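> no sequence on hand, only this structure:
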């Protein structure tokens, strides 16, 4: 089991990498608003609201949540579904439980960042349900953006508005 300081270091490394790793592959450049998925995945790319609605139509869920003492509802795609479609690519797939070293970082247009471990998100481990909101109260989000909702957190501190990047980082230390 890893110590809390190891997890803190992993999150810090992810934060630094988020700032310095440009997302420049041809397939990941967005021409419409949405979110770019990149990093330790086999299938990086850009995801507009329309693409998310089309490709995950069967998985869209209606959720209710409270934010700043106001009740809201949203149509959402589970973050896990999007991540699974990108096919995780750990640095050492032969290692025992290689995906447990992966961290997913969500970055908003304003730079606000929230991180999630693979184990936290995986239905086999933490079962934390994190959603990508496609709208709010039956209205599109400003500018065609998406939001990240973490309904099971005690505080909405990991809600990320206007998500622009989802970066999967492998925190496996070099040998």
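Alright, I've got the coordinates. Nothing here was measured: the structure is a model prediction, and the numbers come from that model.

> got the phi and psi for residue 53?
phi -60, psi -40 (degrees, to the nearest 10).

> okay, now it: neighbour count?
Residues contacting residue 53 under the criterion other C-beta atoms under 10 Å number 14. All C-beta spots, glycine's among them, are computed from the backbone N, C-alpha and C.

> the chain: helices as residue ranges?
4-20, 49-55, 79-86, 118-121 (DSSP state H).

> with respect to those, which exhibits the lowest mean confidence?
Here the lowest mean pLDDT among these goes to helix 4-20, at a mean of 46.

> for residue 64, report the pLDDT, please.
96.

> doesn't residue 72 make contact with it?
Yes. Between residue 64 and residue 72 there is a contact at 7.1 Å, judged by C-beta atoms under 8 Å.

> more crowded one of these two?
The neighbour count for residue 64 versus residue 72, taken as other C-beta under 10 Å, is higher for residue 72 (15 against 9).

> and the more buried one, what does it touch?
Residue 72 makes contacts with 64-66, 136-137, as judged by C-beta atoms under 8 Å, 6 or more residues apart in numbering.
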